[in-house]
Every structure is written in structure tokens, then in C-alpha cells.
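In: Give me the fold of what follows.
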Amino acid sequence: MIRLQSVGVVYPNAARPVLHDLSLDLHDGRFTVVIGESGCGKTTLLNLIAGFLRPSSGCVSVDGAAVTGPGAERGVVFQNDTLLPWQTVRENVAFGLRLAGQPPQQRHARADEYLALTGLQDYANAAIWELSGGMRQRVSLARALAVDPRFLLLDEPLGALDALTREHMQEHLLQVWKASGKGIFMITHSVEEALFLATDLVLLRARPGRVESVRQLEFGARFAAGEAARSIKSDPRFVSLREEILEQLLHPGHASSNASGSDAGLEEALA
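Out: Numbers count the residues shown, from 1 in each chain. Predicted coordinates for the structure are as follows:
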């Protein structure tokens, strides 16, 4: 597993730490989602786990070995797709395998395997500019999976998508999680999205960033087992928990006016 022990991050000339005394475990096969107000350190936390950033204090480790930089066991998918527009979909998915020295036939076969997993098998020879935003993010997901990491780190990968595409992508993510068995770590601003996807929901508090709570949830597992997404999201327990977390995230003075039946009030307040 990935373990963060008493981690702190202080940026130069900052008035206070971004993260302080933060401890968290990420387990194989679990879908961990982090949510919190703007400035609570969500992206900093992901950068620590990815190895893009070193902690000012504490330790980040994988199976007890300290993280000192990026590693093949941790694949990252960013909010912007970062695809190579001069390559086909298949070539983009196989890019990491090409860098690893795999021969063309082998890497293309593996790319096709993950294109099928993400529902893009019919677009293997398409140009990137021919794809929609949601499809481009699925290409990014397939590319990260193709190099077979143990953990996928998702940096608000659905944030730039329209509402309908975003809902479809949530379902794709759960299908990929179930089929691949990977551990997934994701940050988001959407309470409903966090509840739907997470097996472990982490709430961060800000100034400095720290873990407020970790909840074990079953909504995503229910979808992966075959229950309809709309049935899950209309479940009274899902709705009640969404309202409870909205209350926790918003300032008490604004909770009554913003804690409505959608994430719109929260996202406006956290922007």
C-alpha cells in the first residue's frame, strides 16, 4: 500500500503550511477519493503520492520503501488529457510501452486490450482531434493502464467535461476499476461524484490541509455489481450523506442557503 505518515508541506514564502501532520493509507484495489474546499491541499497531496513533490516533513512510502520520485507503479491522469495530437489513439495508448522498449506488435496488442476495456476499440486508428472530450480522457486512462501500474492517480480528470459526459465517465471509471483491480486515488470538487465513486472518501480541512475524516462507502461497489447509477444516486442514504458532507464543507453561515440537492452551490463557494 501507499502510506503517508505525518506529512507536512511548506512552500517558500508561504504564511502557513499547505499540509500539516497528514497521515493516510491507500490500499490496493480500493477507490480513494479526496474532497475538500479550495486551498486544502488536494493537488499537493496527489503530487506527493506521484513523487512530483517531496514532503517538508514526514514520509511517503510504497510497501515501506520511501517515495523519492515518480515510479512505474503509480500512473497519473491529469485534468487536461496531454495526448500527442500527431499520433493515433492506439499510438497514444502505446506510447509508454514504446518508451519502455516493447516491440510494435506487443505494445499495439496491449494498447488494443486497454482500448477495449475503456470502450474505444473502434477508434484505435482515429486521430485525437476526432474525439470528444470524454473520449480523450478515456484514451488518457487507457494510456495510464497500459503500463500496468498498481495505482492510478487521477487529478480531477472529469472537471472539464459537460454534466452528461461527466456522468458517463464516472460509470466508465467504476467499470475500469472493477475490471482492472487497480488501486485508484482521485481528487474532485463534486460531492456527488465523490460519494458515487469512492470506497474510501477522504475529507480534507484547509489552512493547513489535514484529514478531517475517512469514510468507507459502498455506492460505487453497488454500481460495479450491476445496480443502476440513478437508483444509487436517488437512494435516501446517498442523498442524506451528500447533504451532510455539503454541510461539513461549507461555512456554517452559508450552509442553509447552499446545501441544496446538487453540487452547484458547493462548487461556486469553493471556486
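In: CA only for contacts and neighbour counts going forward, please
Out: Fine.
In: Break down the stretch 1-150 of the chain into its helices, ranges please.
Out: 42-50, 89-93, 95-99, 104-117, 133-146 (DSSP state H, counting those that start in this stretch).
In: Now the second one - C-alpha only, CSV.
Out: Only the C-alpha atoms of helix 89-93 are listed here, as CSV (Å, rounded to 0.1, in the frame of the first residue of the first chain):
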residue,chain,number,x,y,z
VAL,A,89,-5.4,6.7,-30.5
ARG,A,90,-3.6,3.4,-30.5
GLU,A,91,-0.2,5.0,-30.7
ASN,A,92,-1.0,7.3,-27.8
VAL,A,93,-2.1,4.4,-25.6
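In: What lies in contact with it?
Out: Defining contact as C-alpha atoms under 8 Å, 6 or more residues apart in numbering, one finds that helix 89-93 is touched by 83-84, 108, 111-112, 115, 123-128, 139-140, 142-144, 146.
In: switch to 6 Å and redo it
Out: 111, 124-126, 142-143 (C-alpha atoms under 6 Å, 6 or more residues apart in numbering).
In: chain center to that helix: distance?
Out: 21 Å (C-alpha atoms, centre = their mean, to the nearest Å).
In: One more: the third one?
Out: A distance of 23 Å separates the centroid of the chain from that of helix 95-99, by C-alpha atoms, centre = their mean.
In: Quick check: Thr88 touching Asn125?
Out: Yes. At 5.5 Å, Thr88 counts as touching Asn125 under the criterion of C-alpha atoms under 6 Å.
In: Who has more neighbours out of the two?
Out: The residue with more neighbours, out of Thr88 and Asn125, is Thr88; 19 against 12, by other C-alpha atoms under 10 Å.
In: Grab the nearest non-local neighbour of the more buried one.
Out: Excluding the flanking residues, the one nearest Thr88 by C-alpha to C-alpha, 6 or more residues apart in numbering is Ala127, at 4.8 Å.
In: what comes up buried for stretch 126-145?
Out: Judged by neighbour count using 16 or more other C-alpha atoms under 10 Å, the buried positions of stretch 126-145 are 127-128, 133-145.
In: With just CA atoms, put that stretch into PDB.
Out: In PDB, the C-alpha atoms belonging to stretch 126-145 read as follows (Å, rounded to 0.1, in the frame of the first residue of the first chain):
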ATOM      1  CA  ALA A 126      -8.600   7.600 -35.200                       C
ATOM      2  CA  ALA A 127      -6.900  11.000 -34.800                       C
ATOM      3  CA  ILE A 128      -7.000  12.600 -31.400                       C
ATOM      4  CA  TRP A 129      -8.700  15.700 -32.800                       C
ATOM      5  CA  GLU A 130     -11.600  13.500 -34.000                       C
ATOM      6  CA  LEU A 131     -12.600  12.500 -30.400                       C
ATOM      7  CA  SER A 132     -14.900  14.200 -27.900                       C
ATOM      8  CA  GLY A 133     -13.600  15.400 -24.500                       C
ATOM      9  CA  GLY A 134     -14.800  12.300 -22.700                       C
ATOM     10  CA  MET A 135     -13.300  10.000 -25.200                       C
ATOM     11  CA  ARG A 136      -9.900  11.800 -25.000                       C
ATOM     12  CA  GLN A 137     -10.000  11.300 -21.200                       C
ATOM     13  CA  ARG A 138     -10.600   7.600 -21.800                       C
ATOM     14  CA  VAL A 139      -7.600   7.500 -24.000                       C
ATOM     15  CA  SER A 140      -5.600   9.100 -21.200                       C
ATOM     16  CA  LEU A 141      -6.900   6.400 -18.800                       C
ATOM     17  CA  ALA A 142      -6.100   3.600 -21.300                       C
ATOM     18  CA  ARG A 143      -2.500   5.000 -21.700                       C
ATOM     19  CA  ALA A 144      -2.000   5.000 -17.900                       C
ATOM     20  CA  LEU A 145      -3.400   1.500 -17.600                       C
END
